[in-house]
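Student: Model the following, please.
(chains A, B, C and D)
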Number of protein chains: 2
Amino acid sequence: MKISTKGRYALRLMLDLAVNNTGEFIPIKRIAERQEISEKYLEQIITQISRAGFVKSVRGSQGGYQLAHKPEDYTVGMILRLMEGELSPVACLDEPGGCERADRCVTVEVWQAIKEAVENVVDNITLADLVKRYQEKGECEYYI
Amino acid sequence: MKISTKGRYALRLMLDLAVNNTGEFIPIKRIAERQEISEKYLEQIITQISRAGFVKSVRGSQGGYQLAHKPEDYTVGMILRLMEGELSPVACLDEPGGCERADRCVTVEVWQAIKEAVENVVDNITLADLVKRYQEKGECEYYI
DNA sequence: TTTATATCATATTAAATCTATATGAATAAC
DNA sequence: GTTATTCATATAGATTTAATATGATATAAA
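Tutor: Numbers count the residues shown, from 1 in each chain, chains lettered A, B, ... in the order given. Below is the predicted model:
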């Protein structure tokens, strides 16, 4: 019942772009340093993100990435689905034909309920929410 | 973000014991036939379940398994946790020290919310609920 | 025009995990 | 003692995960 590193890293990557947005393009190298994630692995991940049109990219020197839209336009669910596929706890929920045992199967109702619960969380948190939380958290540290 | 076959099979196994309970001990072979799951694999799974005290077992001819308690005493969460461990989408939620980046990490709040949403589902469905749904579903078939 | 800095595209790999299967001992009913 | 069953552990094949590696392509700046 785990989310892969790709999903987790993708969210941190997108959040990093949102938090550190200055209008300039941010190279993967900077993000890899800040997030302490392998640069080459992040490259793979952002390639997927870029193909989905979630970020704008510029090649060459002074190049890098930028969010294509405003932080409030990205839900956590959008980002996770991009890397993980459907957020179902079992495959049969997403298969066209479903399962042969569907007529007798009761457990599928459990899986469906789990899926909906997860979706209800991730589809109602945006990058903007996380940016806000990040800033609140940063301010708190002065008082510790 | 998938539940393993062990978790899924364990739930079907426990539900099978609940639905087919006649007071006699049910051999794994019967369950494997009904559920169309490898007998040897189910043996492995029920060994874990048995060690946790969820079922009573009797060896030898005429032996088999029985639920140790009433169906209403088992939540789906209890069964899944037994096979899957904690139902966290990320490991850091369950590690004693947590994560080094915890002070700066905002994504952990997302994972925590997902975990709680999943727990809210699985801890509020019992085997008895599923037995009831199974019976309702069975009755419906006459009218299709 | 060269050099440094980046993205873009694929291939490869090591390790872990999943999903079983296999073998055989121990136990109990008949 | 034969058969049916749980109990215990070992083995194995397949898949997925999590990277690393190699190199081509594009751009800005020196």
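
Student: For chain A, which residues are neighbours of chain B?
Tutor: Residues of chain A lying near chain B by CB under 8 Å from any CB of the partner chain: A:1-3, A:7-8, A:11-12, A:15, A:36, A:76, A:80, A:84, A:87-91, A:101, A:103-104, A:106-107, A:109-111, A:113-114, A:117-118, A:120-122, A:125, A:130, A:133-134, A:137-138, A:141. To be clear about C-beta, it is placed using only N, CA and C from the backbone, and glycine gets the same treatment.

Student: Show me those residues that map onto helices.
Tutor: Applying DSSP state H to those, the entries found in helices are A:7-8, A:11-12, A:15, A:76, A:80, A:84, A:107, A:109-111, A:113-114, A:117-118, A:120-122, A:130, A:133-134, A:137-138.

Student: Setting the sequence-adjacent residues aside, check what's closest to A:G85.
Tutor: A:D94 (7.7 Å; CB to CB, 6 or more residues apart in numbering or on different chains).

Student: So A:T22 lies in a strand, does it not?
Tutor: No: secondary structure of A:T22 (DSSP: H, G, I helix; E, B strand; the rest coil): coil, not part of a strand.

Student: Narrow the residues of chain A next to chain B to those that are buried.
Tutor: Among those, the ones that count as buried by 16 or more other CB atoms under 10 Å in any protein chain shown are A:1-3, A:7-8, A:11-12, A:15, A:76, A:80, A:84, A:87-90, A:106-107, A:110-111, A:113-114, A:117-118, A:121-122, A:125, A:130, A:133-134.

Student: hang on, the earlier thing: among the ones in helices among the residues of chain A next to chain B, which are within reach of DNA strand D?
Tutor: Among those, no residue lies close to DNA strand D (CB under 7 Å from any atom of the strand).

Student: quick one: contacts for A:R12?
Tutor: Residues in contact with A:R12 (CB atoms under 8 Å, 6 or more residues apart in numbering or on different chains) are A:35, A:37, B:107.

Student: Would you check how far apart the residue of chain A found nearest chain B and A:A128 are?
Tutor: Residue of chain A nearest chain B, by CB to the nearest CB: A:A117 (4.0 Å). Note on A:A117: its distance to A:A128, by CB to CB, to the nearest Å, is 23 Å.

Student: same thing with A:M83?
Tutor: 20 Å.

Student: got it, and A:L15?
Tutor: Relative to A:A128, and taking CB to CB, A:L15 is found at 10 Å.

Student: And for A:K6?
Tutor: According to CB to CB, A:K6 stands 23 Å off from A:A128.
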